[in-house]
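1. Below is the structure, and that's it, no one-letter string:
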């Protein structure tokens with residue numbers, strides 16, 4: 001199904017959307033409308049903290065009023081995970097949206113990332129305090145090192161201190177591969193192991209090997225650029241369109257479901273409420289083994305972003 005057809009055929013804008021029971025691992029999930037956030041499965045990270053398997057990303061939403069509106073829309077739909085970063089310049093809007101939502105703090109999971117320019121022991125400690133002033137929150141649920149650039153070891157030491165001091169509920173990394181992933185995951189950077197690694201993952205860059213490695217370390221996997229940033233053509237793949245047609249779903253929904261069934265946390269970014277609803281509507285169908293086999297054929301090892309820190313062989 002094409003994305004425009006989904007929007008046209010779904011009488012859900014500003015209203016409710018019915019879901020059936022979905023067999024997700026050992027959980028049988030039911031919900032009668034999108035506002036029932038309890039329908040969303042959680043992934044339990046290695047420190048026992050639970051994170052929703054789907055959230056909203058706010059990358060490149062630099063206008064603070066627009067970002068706040070997007071996050072408020074997401075909360076209304078049922079999203080409870082919001083992914084931001086110091087480099088996105090919108091932490092203030094995320095905090096404001098939470099305060100306007102009327103939700104309790106323990107009902108929302110907010111994650112951010114230390115900017116690459118702040119990857120050092122001093123940089124983490126100073127920039128974290130600046131982030132908290134922007135958020136106007138007592139704590140953040142997850143803070144990541146955005147890249148392994150700079151003094152990653154010193155940065156991890158500082159982030160670990162913030163975790164031990166109770167300033168952040170969990171800590172992790174983003175875009176960590178190869179040797180530096182192994183170093184931090186095996187304790188060479190300190191006694192705290194990352195709870196999560198956020199990496200580029202989509203049908204053209206499937207990362208099953210990296211996911212297996214993360215599983216061995218007990219580190220959760222979160223995907224960014226699930227749709228290839230909308231520039232690599234993945235949303236027009238004929239095989240994905242055919243899979244979607246079987247279930248009355250869009251290619252975007254097929255991709256998200258594929259990742260969710262792999263237990264990969266997803267954070268699709270959009271500013272449009274109807275897209276948020278579309279992306280959230282992925283718990284009423286299940287991909288088959290044949291569907292997975294068809295998607296596996298799309299692997300190209302094609303990156304949207306990377307540089308040397310995006311390689312798995314270093």
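-> On my side now, so go ahead. Owing to the predicted nature of the structure, the values given are computational and were not obtained by experimental measurement. Residues are numbered from 1 along each chain as shown.

2. okay, how far is it across stretch 80-94, tip to tip?
-> 12 Å (C-alpha to C-alpha, to the nearest Å).

3. Repeat that for stretch 51-70.
-> With C-alpha to C-alpha as the measure, the first residue of stretch 51-70 is 20 Å from its last.

4. Pull out the buried residues from that stretch.
-> For stretch 51-70, burial by neighbour count (16 or more other C-beta atoms under 10 Å) applies to 51-59, 61, 64, 67-70. (Each C-beta comes from the backbone N, C-alpha and C, glycine too.)

5. what's the farthest-apart pair in those residues?
-> Farthest pair in the buried residues of stretch 51-70 (C-beta to C-beta) is 53 and 64. Separation: 27.7 Å.

6. coming back round to it: among the buried residues of stretch 51-70, name the ones in strands.
-> Among the buried residues of stretch 51-70, the ones falling in strands (DSSP state E) are 51, 52, 56, 57.

7. ok, now which ones touch the last one?
-> In other words, residue 57. Residues in contact with residue 57 (C-beta atoms under 8 Å, 6 or more residues apart in numbering) are 83, 84, 224, 267, 268, 269.

8. Walking through the stretch 101-250 of the chain, point out its strands one by one.
-> 109-114, 142-145, 171-174, 196-200, 220-224 (DSSP state E, counting those that start in this stretch).

9. closest to residue 134 out of these?
-> In terms of C-beta to C-beta, the element of the strands of the stretch 101-250 of the chain nearest to residue 134 is strand 109-114, at 9.3 Å.

10. partner strands of the closest one, parallel or antiparallel?
-> strand 81-83 (parallel), strand 142-145 (parallel) (DSSP bridges).

11. Who is residue 168 paired with across the strands?
-> Beta-bridge pairing for residue 168 (DSSP bridges): residue 140.

12. Within its local environment, how many residues does it see?
-> By the measure other C-beta atoms under 10 Å, the count of residues near residue 168 is 21.

13. and if you look at residue 127?
-> The number of residues packed near residue 127 is 20, by other C-beta under 10 Å.

14. Which helix or strand in this protein has the lowest average pLDDT?
-> One helix or strand of the chain scores below all others by mean pLDDT, DSSP states H and E: strand 27-29, with a mean of 32.
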